[in-house]
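[1] need a 3D model of the following:
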Amino acid sequence: MKIIELPIVFEFNGQTNTIFPSLIIANDELTLVDTGYPNFLPLIEHEIIKKGYEMKYLKNIIITHYDDDHIGSLYDFKEKYPWINIVASEIDSKYISGELKSERLVQAEALLEHMPLEQLEFGKWFIKQLKDLKHVAIDQKVQDGDTILHSECRVVATPGHTSGHISLYFPKLNSVITGDAAANENQGLVIANPHFCLNMDNAKHSLRKIQNLQADTYYCYHGGKITI
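    Below you'll find the model as predicted:
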């Protein structure tokens with residue numbers, strides 16, 4: 001088993017940005033962790049193929065949490081590769097499938113009411129982005145401590161950024177895929193996008209939780225991997 005990061009470079013608001021979905025390779029099966037923004041399927045496909053892998057071996061997609069930069073292309077992946085097993089936490093599954101209105105949308109709509117005029121346009125755009133996300137049913141709902149991927153991966157509940165946020169721990173590799181529980185900032189682990197965190201106390205606790213795993217490598221969606 002091994003984990004590789006997929007650097008996805010894109011333009012946003014006139015700036016160049018990069019996100020780092022993870023690809024897990026085990027027993028000739030591929031597992032993608034998070035799917036980028038809407039319309040990112042071709043970018044992620046290109047990166048996977050560039051790394052020397054074939055899309056027909058994509059078996060699973062694991063979603064760390066409900067946010068438009070993590071689930072944006074999930075529907076497109078499921079449409080194109082209908083055999084894919086989609087995994088997410090029991091909590092965030094309800095938002096991804098559309099069973100409940102997402103926490104992020106509730107937060108964005110509440111913030112809009114008190115938003116300064118100069119930020120209003122972005123606030124309305126962000127709400128539209130969230131409302132336009134297509135719902136996808138979750139095939140496998142997981143909780144803290146569950147083992148997946150032939151028992152090679154342990155689910156670690158890391159709430160704060162969202163209530164159902166999960167990270168992934170690989171004991172044999174001594175590696176963690178953090179999602180947005182941590183970001184790489186100057187080769188250190190910090191809380192990712194703190195202004196979006198739904199519960200800052202939980203986010204701080206979750207960061208300590210994954211730091212206490214004392215992994216050799218942390219694969220951060222924002223900032224890329226850190227090798228300790």
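
[2] for the protein, which helix is longest?
    In the chain, ranked by residue count with DSSP state H as the criterion, the top helix is helix 117-132.

[3] elements contacting that helix?
    helix 103-112 (3 or more C-beta pairs under 8 Å, 6 or more residues apart in numbering; DSSP states H and E). C-beta here means a position set from N, CA and C on the backbone, and glycine is covered the same way.

[4] any idea of the mean pLDDT for the helix it packs on?
    Per-residue pLDDT values over helix 103-112 give a mean of 95.

[5] with stretch 116-132 instead?
    According to the model, stretch 116-132 has a mean pLDDT of 92.

[6] can you tell me what sits against that stretch?
    With C-beta atoms under 8 Å, 6 or more residues apart in numbering as the test, stretch 116-132 has contacts from P38, D68, S102, R104, L105, A108, E109, L111, L112, M115.

[7] just flag the most distant two among these.
    Spanning the widest gap among those are P38 and M115, at 23.0 Å by C-beta to C-beta.

[8] ok, the two, which is more surrounded?
    A count of neighbours by other C-beta atoms under 10 Å puts P38 above the other of P38 and M115, at 18 against 15.

[9] by contact count, what packs against the next helix or strand after the longest helix of the chain?
    Downstream of helix 117-132, the first helix or strand assigned by DSSP states H and E is strand 140-142. When contacts are defined as 3+ C-beta pairs under 8 Å, 6+ apart, strand 140-142 packs onto strand 85-89, helix 90-96.

[10] closest to Y169 out of these?
    strand 85-89 (14.4 Å).

[11] alpha carbons of that closest one, as CSV, please.
    C-alpha atoms of strand 85-89 as CSV (Å, rounded to 0.1, in the frame of the first residue of the first chain):
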residue,chain,number,x,y,z
ASN,A,85,-17.9,2.8,-3.6
ILE,A,86,-18.4,6.2,-1.9
VAL,A,87,-17.5,6.5,1.8
ALA,A,88,-18.2,9.3,4.2
SER,A,89,-19.0,9.8,7.9
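
[12] would you mark the buried spots in the longest helix of the chain?
    Using 16 or more other C-beta atoms under 10 Å as the test for burial, helix 117-132 gives G123, F126, I127, Q129, L130.

[13] and for stretch 5-14?
    Those would be E5, L6, I8, for stretch 5-14 by 16+ other C-beta under 10 Å.

[14] could you dump the residues you listed into CSV and include distance to T227 and secondary structure?
    Shown next, in CSV, are those (distance: C-beta to C-beta, whole Å; DSSP: H, G, I helix; E, B strand; the rest coil):
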residue, distance to T227, secondary structure
E5, 12, strand
L6, 17, coil
I8, 21, strand
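
[15] so where do the helices sit in this protein?
    41-50, 68-71, 74-80, 90-96, 103-112, 117-132, 200-211.
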